[in-house]
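1. Could you work out the structure for the sequence below:
(chains A and B)
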Number of protein chains: 2
Amino acid sequence: MTVTDEYLKNNERYAAGFSGPLPLPPSKHIAIVACMDARLDVYRALGIQEGEAHVIRNAGGAVSEDVIRSLTISQRLLGTTEIVLIHHTDCGMLTFTDDEFTRAIQEDTGIRPSWAPESFRDPAEDVRQSLRRIESSPFVTRTTSLRGFVFDVKSGQLDEVDRNG
Amino acid sequence: MTVTDEYLKNNERYAAGFSGPLPLPPSKHIAIVACMDARLDVYRALGIQEGEAHVIRNAGGAVSEDVIRSLTISQRLLGTTEIVLIHHTDCGMLTFTDDEFTRAIQEDTGIRPSWAPESFRDPAEDVRQSLRRIESSPFVTRTTSLRGFVFDVKSGQLDEVDRNG
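-> Below you'll find the model as predicted:
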């Protein structure tokens, strides 16, 4: 049995107790951008209930073009206005450099990816970088609140990043 | 008080009951790629526990270059091998065309985005499209299981997409 099969069994139990459907637009008008890290359950860590918030996640929580696409759709089509960014301590993105990761892929597959892996050296500094990318986007224009945090995988706590730090 | 403040208060309660840290690599060696939709709590819908799975999410659950980046890091750096894709019924991406969304942005901001919004007409067909993008990637090479599903926002159930359907 694969893990996928195990999760499908869990889903049967979930559906048995399900009460839906909820409306499509996020009821709290907020979008969360977070790292894909397995230890960060965004809903539980922030006490989010189903239907409240868009949750966008990728490796590192980097504000890539795809995150800008998602935030643009979130704001323009579905009315969100607040944005929360979450990176975290002990992130996989701290353990390599873009150069060495790209070289390893090229050596293994014969093809060098045209995208940057987006490794970083300091989560707080990378949150600031990500905040700036959102602020400089011409498409994410309906933001009323934009704040960035580092999630501590030891304590479960969100520590706010001082934008000028 | 913003919703962000409200979530920070929730996080204080979460941290008070937190027992960590867990190891960095996902203990179940699996990555989930899902839509950012507010009604889809991936952890609860699949019964995922903290530390088990990478969770990658964007508008539509589209397999963008950024998702390929995230899956490449997930597999090569952190040892995942299974992949689950989740789209869902009543998706916002069904409610517009790329042309009209792009035109509206251009009229509003004066700038036409260089990225495709990635709207689609049928969630199952788009899951098949997304599966093919992963299969054709030269970088996501360590997959032992790759399956796609449509989450029904009325029932909470995952319906598997027949790849040849």
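
2. And the pLDDT at residue A:28?
-> Residue A:28 carries a pLDDT score of 98 in this model.

3. separation between it and chain B?
-> 5 Å (CB to the nearest CB, to the nearest Å). (C-beta placed from N, C-alpha, C; glycine too.)

4. Settle this for me: that residue is touching residue B:2, isn't it.
-> No. Here residue A:28 does not reach residue B:2: they are 9.7 Å apart, not a contact under CB atoms under 8 Å.

5. hey, what's in contact with both of these two?
-> Common contacts of residue A:28 and residue B:2 (CB atoms under 8 Å, 6 or more residues apart in numbering or on different chains): residue A:82.

6. These two - which one has more neighbours?
-> residue A:28 (21 against 16; other CB atoms under 10 Å in any protein chain shown).

7. For the closest residue in space to that one that isn't next to it in sequence, give me its contacts.
-> Leaving aside its chain neighbours, residue A:28 sits nearest to residue A:52 (4.1 Å; criterion: CB to CB, 6 or more residues apart in numbering or on different chains). Taking CB under 8 Å, 6+ apart, we find residue A:52 in contact with A:26-28, A:30, B:3, B:38.

8. Now, these that are in helices?
-> residue B:3 (DSSP state H).

9. Now do the strands in chain A.
-> A:30-35, A:53-58, A:82-88, A:145-151, A:158-160 (DSSP state E).

10. Let me have those in a markdown table, adding mean neighbour count and distance to chain B as columns.
-> Converted to a markdown table, the strands of chain A look like this (neighbours: other CB atoms under 10 Å in any protein chain shown; distance: least, CB to the nearest CB, whole Å):
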| stretch | mean neighbour count | distance to chain B |
| --- | --- | --- |
| strand A:30-35 | 27 | 5 |
| strand A:53-58 | 28 | 4 |
| strand A:82-88 | 25 | 5 |
| strand A:145-151 | 22 | 5 |
| strand A:158-160 | 18 | 5 |
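
11. how close does residue A:122 get to residue A:80?
-> According to CB to CB, to the nearest Å, residue A:122 stands 28 Å off from residue A:80.

12. And the spatially closest residue to residue A:127 that is not a sequence neighbour, what's its pLDDT?
-> In space, and not counting its chain neighbours, residue A:127 is closest to residue A:148: 3.8 Å by CB to CB, 6+ apart. Predicted confidence (pLDDT) for residue A:148: 98.

13. Give me the most central residue, chain A.
-> Closest to where the C-alpha atoms of chain A average out (CA atoms, centre = their mean) is residue A:34, at 2.2 Å.

14. Skip the chain neighbours and tell me the closest residue to that residue.
-> Nearest one to residue A:34, counting by CB to CB, 6+ apart, is residue A:86 at 4.0 Å.

15. So what sits opposite that neighbour in the bridge?
-> residue A:34, residue A:149 (DSSP bridges).

16. I'd assumed residue A:25 was in contact with residue A:81.
-> No. Using CB under 8 Å, residue A:81 is not in contact with residue A:25, being 11.4 Å away.

17. What does the residue lying closest to residue A:22 once chain neighbours are set aside show for phi and psi?
-> In this structure, residue A:22 finds its nearest non-sequential neighbour in residue A:51, 3.7 Å apart by CB to CB, 6+ apart. Backbone torsions of residue A:51, given as degrees, to the nearest 10, read phi 90, psi -10.

18. In contact with residue A:51, which residues?
-> So residue A:51 contacts A:22-23, A:26-27, B:38-39 (CB under 8 Å, 6+ apart).

19. please redo it, this time with the cut-off set to 10 Å
-> Applying CB atoms under 10 Å, 6 or more residues apart in numbering or on different chains to residue A:51 gives the contacts A:20-28, B:37-41, B:153.

20. Scan those and report the most crowded one.
-> residue B:37 (30 neighbours).

21. and that one, how far is that from residue A:31?
-> 11 Å.

22. Now the common contact residues for these two.
-> A:54-55, A:78.

23. With residue A:8 as the reference, measure out to the nearest residue to residue A:11 once chain neighbours are set aside.
-> Nearest non-adjacent residue to residue A:11, counting by CB to CB, 6+ apart: residue B:158, 4.9 Å away. According to CB to CB, residue B:158 and residue A:8 sit 6 Å apart.

24. same check, this time on residue A:24
-> 25 Å.

25. And residue A:57, by the same measure?
-> Taken as CB to CB, the span from residue A:57 to residue A:8 is 21 Å.

26. And the helices in chain A?
-> A:3-16, A:42-46, A:65-78, A:98-109, A:123-135.
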